[in-house]
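Colleague: Need the 3D shape of this:
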Amino acid sequence: MVKTVSKDIPLAEITLRKYERPYDQGKRELIRKLCLSIGLLQPGDSRDIVVDVLHVLINSKDALSSEEIKNLAIKGREEESLPLKGIAPSNIRRQLKRLKDIFLIENINNNYRITENEKLKKIFEDKIQNYYLSSILDRVKDYFDILDDKK
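Modeller: Coordinates of the predicted model:
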């Protein structure tokens, strides 16, 4: 009898990339490299609105609605003479969800802010490195252990 196996849908995933040290770069470029480093942006992507969404939230002391984030992202792209790609409200909400899914931002009463107004490095260490990444690594180790036992 063949056992039905669930589809191979990951419970969690993260992409990490290593780039050169962040010397002498503007703030938007630093945020873009961070987004590339943690898999929010793919190398060569021309649709990089996630950079602008994160940029807006990093620069805001207050929680913002998705509409406010969209308007500020548009303003920022215009100031940088960047094309207005990916600025549809549905795409802004999608990018907010992605940032929320990796714990960088939180939603409070339909407004968004950096998680607990905390420093980004602290969020990375507490939420991504120590919790999210650790749980993924533990599960990968489980597979190695099981395979070692089956030798």
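Colleague: who's in contact with Ile146?
Modeller: Neighbour list for Ile146: empty [criterion: C-beta atoms under 8 Å, 6 or more residues apart in numbering]. (Glycine included, C-beta is placed from N, CA and C.)
Colleague: Just to be sure, it is in a helix?
Modeller: Yes. With DSSP: H, G, I helix; E, B strand; the rest coil as the criterion, Ile146 is located in a helix.
Colleague: in the chain, what spans have low per-residue confidence?
Modeller: For the chain, residues meeting the criterion pLDDT under 70 lie at 1-6.
Colleague: mind giving me the domain ranges of it?
Modeller: 27-116, 118-151 (automatic domain parsing).
Colleague: can you put these in CSV and add distance to Ile9?
Modeller: Formatted as CSV, the domains of the chain follow (distance: least, C-beta to C-beta, whole Å):
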stretch, distance to Ile9
domain 27-116, 15
domain 118-151, 14
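Colleague: Mean neighbour count, the ones you listed: which tops it?
Modeller: domain 27-116 (a mean of 16; mean count of other C-beta atoms under 10 Å).
Colleague: Pull up the distance across that one, start to finish.
Modeller: 21 Å (C-alpha to C-alpha, to the nearest Å).
Colleague: For Lys7, which of the domains of the chain is the nearest?
Modeller: domain 118-151 (16.9 Å; C-beta to C-beta).
Colleague: Indicate which one of the domains of the chain is closest to Arg17.
Modeller: It is, among those and with distance given as C-beta to C-beta, domain 27-116, at 5.2 Å.
Colleague: Return the distance of the closest one from the chain's centre.
Modeller: Mean-position distance between domain 27-116 and its chain equals 9 Å (C-alpha atoms, centre = their mean, to the nearest Å).
Colleague: same check, this time on stretch 118-126
Modeller: That offset, for stretch 118-126, works out to 13 Å (C-alpha atoms, centre = their mean).
Colleague: how close does His55 sit to Asn110?
Modeller: Distance, His55 to Asn110, by C-beta to C-beta, to the nearest Å: 21 Å.
Colleague: picking that back up, what's the closest of the domains of the chain to Arg21?
Modeller: So among these, domain 27-116 is nearest, using C-beta to C-beta, at 10.1 Å.
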